[in-house]
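Chemist: need coordinates for the following:
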Amino acid sequence: MNQEARSLGTESFMPADVQARLKDAFKKLPYSIPVLLFSREDRNDDANHILRQLMEALGEVSSGKVRFESFSLDHPKARELEVDRSPTLVFAPDRYRIRYLGVPLGEESASLMQILMLMGTGQSNLGEEAAKVVDRIQSPRSVRIFVSLTCPYCPQQAVNAVKAAIRNPRNVSVEIVDIQFNPDLAERYSAFSVPQAYADDVLIGQGAQSEEIFASSLEKLEPQTVFIPETDAPRVEKDLVIIGGGPAGLTAGIYAVRSGLNAAVLERNSLGGQVATTPMVENYPGVNRVAGKTLVDIMVSHALEYVDIFPREEVLDIQPGHPMQVFTSRRQFLARAVLLATGANYRRLDAPGESRFGGRGVSYCSTCDGPLFKGKNVLVVGGGNSAVTEALHLHHIGVGVTLVHRRDNLRAQEHLAKDLFAAGIQVLWSTEIKEILGKDRVREVLLMDNRTGEARKHATDGVFIAIGYEPAVELARKIGVECTPDGFIKHSNHRTNVPGVYSAGDVEGGYKQIVTATGQGAEAAMAIYEDLQHPYWEKEHRAPRA
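Modeler: Residues are numbered from 1 along each chain as shown. Here you go, the predicted structure:
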């Protein structure tokens, strides 16, 4: 760097009118902002000098509100704060865990100014909904945001992370990483397109996100594309309450509101039901091939244009009547009708060891747990579409797969069976798992050949069970809804035997396909609309004329 560049003053970083506005803004800040620069003079020397001048200029403009200090990486303070990269800015280390690895010039000067202003107020300035999500984070989150000086979208993502760290300083720490000055980190994380956000080394966002989406991604430790605002209202009145946020429930919500009803969808688990954990969907009309989670996000985004969705709300009780009363873990709903779209749960083998090794080698979801078994060998149990789809997904992500099926032929669709055989996946025909064995985790299983009765042990690292589903009818039975001998809800045009209570989707049995569930959701919503216009139960209970 030449001598002229080294002698640049405050004017080189900001015009006089900008300085005046900043002076006025800093005067209003209630807190001072300590900023510590750590650097090595033999590394990025010119950058370190510019950064030092920039921070000194900000200290001058802020009339001392920005309290700048400079340290060598060899200084004890660097070891105390575990700083090992040059240059690194550490902001208010006594209050927060926020640092910037690089030189915040160019587009990133906006990040720097917003960081200083937020810290000077001591307020995160998060919106109400995003703040609620960040407040729910009760375990540590170590966030890295990869940025570049020429990226106009990076400041938004960087400030999202800083706001979260200021709102929840106990659990959220942030490093903003300039890829130009830290190419090794960019290489390690494959962060060649910015901004990218990681939390605990898990990718949670690519590109700029809204603060609500970022907060939700940070909480769940996976990228989110849809944010559903929450309400604290203790009582909510609706025409229709839909219990279940799978394809049937979401479609029913859309059709109900389009018909003129005021509706709500309640879901205790993940929106989308079984679809959300389906690796790949290839038979949904209009979409040749799509990940289950992506299809769910599309459905949820569409439904949110019409219907109120209440995630993570478990229905505890329903009291039929006029109105119906629905009690959840958080509030009470009053409704003219209730639609049960509660779906179905994974069917269990009920083999010894299944419960004991749940989460320790026994899984029901290859999308969720498959990556943990990359390079290992597992068994997939079943012979239907779900089992073959799970086996193919595991195979394609690098897991050694053997399919275990109690029959001598597959029940899966022909094209899936062809894909299975083409992939070279071994099938153990006419074989059942009688016991799952291990010490700290699954190590082997006891297999039995149905034809010979011969039992043998088989070494494996995991067991993925895909043998179908059990209908979720606990609520239905609780309020007296009749079920079929197979355990599914008994209905006529989606009406149950309880006036005002309807059903749709997998809980009714039949073909367990996404397209049939959505069709049933639409049918049920339209039937409910017609019935609410002309309640059949009033006719049934109307006293005959003399």
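Chemist: can you pull the contacts of Ala263?
Modeler: Ala263 sits next to 238-242, 252-253, 256-257, 306-308, 525 when contact means Cβ atoms under 8 Å, 6 or more residues apart in numbering. All C-beta spots, glycine's among them, are computed from the backbone N, C-alpha and C.
Chemist: show me what it is bridged to.
Modeler: Leu240 (DSSP bridges).
Chemist: which of the contacts of Ala263 fall in strands?
Modeler: Cross-referencing the contacts of Ala263 against strands under DSSP state E gives 238-242, 308.
Chemist: can I get the CA coordinates of stretch 322-335 in PDB?
Modeler: Output of stretch 322-335 as PDB, limited to C-alpha atoms (Å, rounded to 0.1, in the frame of the first residue of the first chain):
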ATOM      1  CA  HIS A 322     -73.300 -26.400  18.500                       C
ATOM      2  CA  PRO A 323     -70.700 -25.000  18.400                       C
ATOM      3  CA  MET A 324     -68.100 -27.800  18.500                       C
ATOM      4  CA  GLN A 325     -65.400 -27.100  21.100                       C
ATOM      5  CA  VAL A 326     -61.800 -28.100  20.200                       C
ATOM      6  CA  PHE A 327     -59.200 -27.900  22.900                       C
ATOM      7  CA  THR A 328     -55.500 -27.900  21.900                       C
ATOM      8  CA  SER A 329     -52.300 -27.700  23.900                       C
ATOM      9  CA  ARG A 330     -52.400 -23.900  23.500                       C
ATOM     10  CA  ARG A 331     -56.000 -22.600  23.200                       C
ATOM     11  CA  GLN A 332     -59.700 -23.300  22.600                       C
ATOM     12  CA  PHE A 333     -61.400 -23.300  19.200                       C
ATOM     13  CA  LEU A 334     -65.200 -22.900  18.600                       C
ATOM     14  CA  ALA A 335     -66.400 -24.300  15.300                       C
END
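Chemist: who touches it?
Modeler: 233-241, 243, 264, 266, 268, 310, 313-319, 336-338, 500-501.
Chemist: could you rerun that using 7 Å?
Modeler: Contacts with stretch 322-335, where a contact means Cβ atoms under 7 Å, 6 or more residues apart in numbering, come from 233-241, 264, 266, 313-319, 336-338, 500.
Chemist: which stretches of the stretch 151-300 of the chain form strands?
Modeler: Assigned by DSSP state E, counting those that start in this stretch, the strands in the stretch 151-300 of the chain fall at 172-178, 196-199, 202-206, 235-243, 263-267.
Chemist: of those strands, which is nearest Gly384?
Modeler: strand 263-267 (25.3 Å; Cβ to Cβ).
Chemist: and Glu474, how far from Glu314?
Modeler: To Glu314, Glu474 is 11 Å away according to Cβ to Cβ, to the nearest Å.
Chemist: who's more crowded, those two?
Modeler: Glu314 (14 against 10; other Cβ atoms under 10 Å).
Chemist: which residue sits closest to that one, ignoring its sequence neighbours?
Modeler: Arg268 (3.8 Å; Cβ to Cβ, 6 or more residues apart in numbering).
Chemist: that neighbour: neighbouring residues, count only.
Modeler: Count around Arg268 with other Cβ under 10 Å applied: 18.
Chemist: and the one 4 residues further on, by the same measure?
Modeler: Burial of Gly272, expressed as a neighbour count using other Cβ under 10 Å, amounts to 24.
Chemist: check contacts around it.
Modeler: 245-246, 296, 299.
Chemist: so which of the residues you listed are in helices?
Modeler: Using DSSP state H, the members of the contacts of Gly272 that fall in helices are 296, 299.
Chemist: got CSV for the contacts of Gly272, with neighbour count, pLDDT and distance to Gln513 too?
Modeler: Listed next are the contacts of Gly272 as CSV, based on neighbours: other Cβ atoms under 10 Å; pLDDT from 0 to 100; distance: Cβ to Cβ, whole Å:
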residue, neighbour count, pLDDT, distance to Gln513
Gly245, 31, 96, 18
Gly246, 31, 95, 12
Val296, 28, 90, 15
Met299, 25, 94, 15
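Chemist: helices of the stretch 201-350 of the chain, residue ranges please.
Modeler: For the stretch 201-350 of the chain, the helices defined by DSSP state H, counting those that start in this stretch occupy 211-220, 247-259, 292-304.
Chemist: which of those sits most buried?
Modeler: Most buried of these by mean neighbour count (mean count of other Cβ atoms under 10 Å) is helix 247-259; its value is a mean of 27.
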